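A.B. asks: My questions concern the predicted model and sequence given below.
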Amino acid sequence: MLSSALAAAQDFGQTDPYQSKFKEKASFQVKFRVPEKGDVVHLSTKNPVEFIKDESWEGSGDVVIEYQDVKVQADRARYIFPTDVATLEGHVVIDQGPTRMTGDRAVFKVKAKTGRLENATADLAPTYHIVAQAIEKIGEATYHIEKGIFTACSLPRPAWSFSLAEAVVTLDDYARMRNVAFRAIQSRLPLLYTPYLIWPTKEDRATGFLVPGVGSNGSRGAYLGLTHFWVTGRPTDLTTTLDLYSKGTVGLGEEFRWTPTPESAGLFQGYAIHDTAATVCVPLAEEPSGGNGPCTLPDGSVGAFSRRVKNRWKVRLEHVSDDLPWGMRGVATIRDYSDQEYLQDLEGSFALNSARQILSRAFLTKNFGDDSVNLRFERSETFFGTDVLQERFPSLEYFRRTSRIGSTPFFFAAEGSLSELYINRGTGLPRGSYGRADLHPTLSLPWKRIPWLNITLKGGARWTGYSDSVDEGQTRFVGSSFTREYGEAGVLIVGPSFSRIYEGHLFQFGKFKHVIEPRIEYTYISPVSDPARIPEYDEVDLQLGQNQIRYALINRLLARPADPKQGGAQEIASLEVSQTRAFQLPQTLLLAGQTFQPLVTKVGPVTSELRLTPGPFFQFDGRVDYNTQASQVTGSSVTAAVIWKTNFLNATYFAARPVLAAPLPEGSPSPNSDQFRIAAGVDLVKSIRIDTQLNYDARQKLLLEDRSLLTYRGSCYSVFLEVRQLRLPPTTRRDVRLVFNLKDIGTLLDFHQSLDKIFGP
């Protein structure tokens, strides 16, 4: 490196659960207290030697010179009044605010608070140390250093240090150093060298180059990432990134951040890359051998993945304003990519590597009393075999939360919307724009005349108008408007409830209350005519005819701590058993292209849900769905979490065994699933910790994702080693990451190594 500079920049919008562990923000900042009033130099010594008024003073043994916030101590000293120069020898100590400098000899101007120490050390807040042949204080917070070392570790044998020939360090500004070598292993092993280095010494943002990123990629070669951070103004900054790969790939990115007011902030990211190893879906004629796996071309035909040269890009915009005129709030989140394979090829986050949807949305909302108005824009691209594009440009929405009508016992709620929508579900499926208007008012009447019984009556209606509709097979728009109307009614009965109180001791609890509470809910939605003509966009369109009753028996266990100071009663366990029965088969919207259709019956499964929360150290959730007609468990899930001190273990299992309306065609994928997810973090010893995440598909006998992070924390540094693997057949991605953080300095090394075998077995 010819020269480099480092600056701390805040991370925005990280979705990686480990990301916050890697980055360490520099905290090099010193604030001096306000000098005391007065202009008198106080001199004292154990053994006075000479004193000539207004000319000179000399002492030996416990010499102390004090002026405002400066205190000087030495074995021997001579002070000249006209020149304000103190000559000091033997165990010299100069304290000013939080800083301390020591040395064998010194010449110091007391009132100017400047001077030079030889064979010197300096201790600077919060934990920095300088050992040098000479340290000269040349300003209020500026030091000139000759032949020394700089470290945040304990002396005399620091775990790491920067050795330097010369440096000028200004606190809360920059350190400018020459002939700098970074050394590790008790400062004996040189690792990096640069003839010139500028390092920010302030906690606030600082313009300069960030630490270069280094690494390698199996397809693109060795990697060097250069990043420059520019403080463009008090509320704005700009980060420019240049990525270089040895096999010809070049990427350029810009990140612009702004905070114009305390209640608004935003971020823009743009990145373009000339990629020599892009994953591209091409016709089989171009890859007759099958390439690197099958894919689907835009026209619906089968293609093959291949490595090609391609220009690619991504865009991200985030903004939130909570201080808009008339009490309005605005939020925008926009993301777009040149192609869906970009996510797996280039994104560093596994959450993005495995994403199956790109979602952009923006809204402008206004709340007033019980009402709110929302203007919403939305675009989503979902890809899972076939690309599905949905756009909402725009949608004007109105909501009124449930509220009492005057002094009457009735409560009113409503929702409505006016939307311009677009859908494109792929080849042979609906594609086009249309308008939709929706209005859904509801009226409810709670009745609580009996203490142990609650009854709520509910009624309402819905009208939805579509400017266009689809054919019976849900394959295309037919150019004909369509309306859907239905009425709804229902009743919810909770109770009668029974309870009993028990005395006893379990964990921190001393009294318990068991509550048995039956619940019955009846729902009626009148049948909808021609439901197959509805162009399905969201949950509004899926509300169809129902005539069903749901009954449940709920057991709740409440507990009160034995010590009243620990708070009041809380629910520590619940068990709910429920089932839904339909008087008529519910209407369903069967979509074309669906691999399988579940069996729809009048009798739903018996569902059991168990929740245990005896304290913050343990949580458990379990659910089982049992189909009485098929005599089989159709779905189950178990989630458990254990937390002790800084350690944790989260485990989840979920399975599905749907009962199908008809046998699947030969060769179709099974709708059954069994998956395990585990996340854990354990401190092995005081300085070593391991975190891991696993996602296992038992049906395919495949470990879909595994991540392990090993952390070692020394006295003045931290080392992180992460190994991760993601399998999304036919794709397999393997990465290793090594991060080296220095205490109070920040990240020195962030090394990425891609072991990707992009299309593994």
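C.D. replies: Great, that's in hand. Only a predicted model underlies this, so the values are computations on that prediction, with no experimental measurement involved. Numbering: from 1, shown residues only.
A.B. asks: Check which helices and strands the longest helix along the chain is in contact with.
C.D. replies: Scanning the chain for the longest helix, with DSSP state H as the assignment, gives helix 341-346. Contacts defined by 3 or more CB pairs under 8 Å, 6 or more residues apart in numbering; DSSP states H and E place helix 341-346 against strand 264-283, strand 302-321, helix 350-353. Any C-beta I mention is one placed from the backbone N, CA and C, and that applies to glycine too.
A.B. asks: Can you lay out these as a markdown table showing mean neighbour count and mean pLDDT?
C.D. replies: Listed next are these as a markdown table, based on neighbours: other CB atoms under 10 Å; pLDDT from 0 to 100:
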| stretch | mean neighbour count | mean pLDDT |
| --- | --- | --- |
| strand 264-283 | 18 | 91 |
| strand 302-321 | 17 | 90 |
| helix 350-353 | 18 | 65 |
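A.B. asks: Nearest to Ser578, out of those?
C.D. replies: Closest of those to Ser578 is helix 350-353, at 33.8 Å (criterion: CB to CB).
A.B. asks: Output the contacting helices and strands for the helix or strand following that closest one.
C.D. replies: Per DSSP states H and E, the first helix or strand lying C-terminal to helix 350-353 is strand 357-368. Where contact means 3+ CB pairs under 8 Å, 6+ apart, strand 357-368 is packed against strand 329-337, strand 371-384.
A.B. asks: Repeat the analysis, applying 10 Å as the threshold.
C.D. replies: Other helices and strands packing on strand 357-368, by 3 or more CB pairs under 10 Å, 6 or more residues apart in numbering; DSSP states H and E, are strand 302-321, strand 329-337, strand 371-384, strand 386-404.
A.B. asks: and that strand, what's its mean pLDDT?
C.D. replies: The pLDDT scores in strand 357-368 average 91.
A.B. asks: can you count the residues close to the residue nearest to Val603 when sequence neighbours are not counted?
C.D. replies: Distance criterion CB to CB, 6 or more residues apart in numbering; nearest residue to Val603, sequence neighbours excluded, is Arg581 at 5.6 Å. Neighbours of Arg581 under the rule other CB atoms under 10 Å: 12.
A.B. asks: Ok, the one 3 residues further on next?
C.D. replies: Counted with other CB under 10 Å, the burial measure for Gln584 works out to 12 neighbours.
A.B. asks: my guess is Pro605 meets Ser631, correct?
C.D. replies: No - using CB atoms under 10 Å, Pro605 makes no contact with Ser631, being 11.2 Å away.
A.B. asks: ok, the two, which is more surrounded?
C.D. replies: The neighbour count for Pro605 versus Ser631, taken as other CB under 10 Å, is higher for Pro605 (21 against 7).
A.B. asks: wait, what's in contact with the more buried one?
C.D. replies: Contact partners of Pro605, counting by CB atoms under 10 Å, 6 or more residues apart in numbering, are 578-580, 624-630, 632-635, 659.
A.B. asks: let's see 8 Å
C.D. replies: Going by CB atoms under 8 Å, 6 or more residues apart in numbering, Pro605 touches 579, 625-628, 634-635.
A.B. asks: Give me the buried entries from these.
C.D. replies: Using 16 or more other CB atoms under 10 Å as the burial test, these include 579, 625-627, 634-635 as buried.
A.B. asks: thinking again about what came up before, of all the helices and strands packed on helix 341-346, which one is nearest Thr588?
C.D. replies: strand 302-321 (30.7 Å).
A.B. asks: on contacts alone, who are the packing partners of that closest one?
C.D. replies: strand 264-283, strand 294-296, strand 329-337, helix 341-346.
A.B. asks: Distance to Thr227 added to the ones you listed, as JSON lines?
C.D. replies: Converted to JSON lines, the helices and strands packed on strand 302-321 look like this (distance: least, CB to CB, whole Å):
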{"stretch": "strand 264-283", "distance to Thr227": "12"}
{"stretch": "strand 294-296", "distance to Thr227": "34"}
{"stretch": "strand 329-337", "distance to Thr227": "21"}
{"stretch": "helix 341-346", "distance to Thr227": "16"}
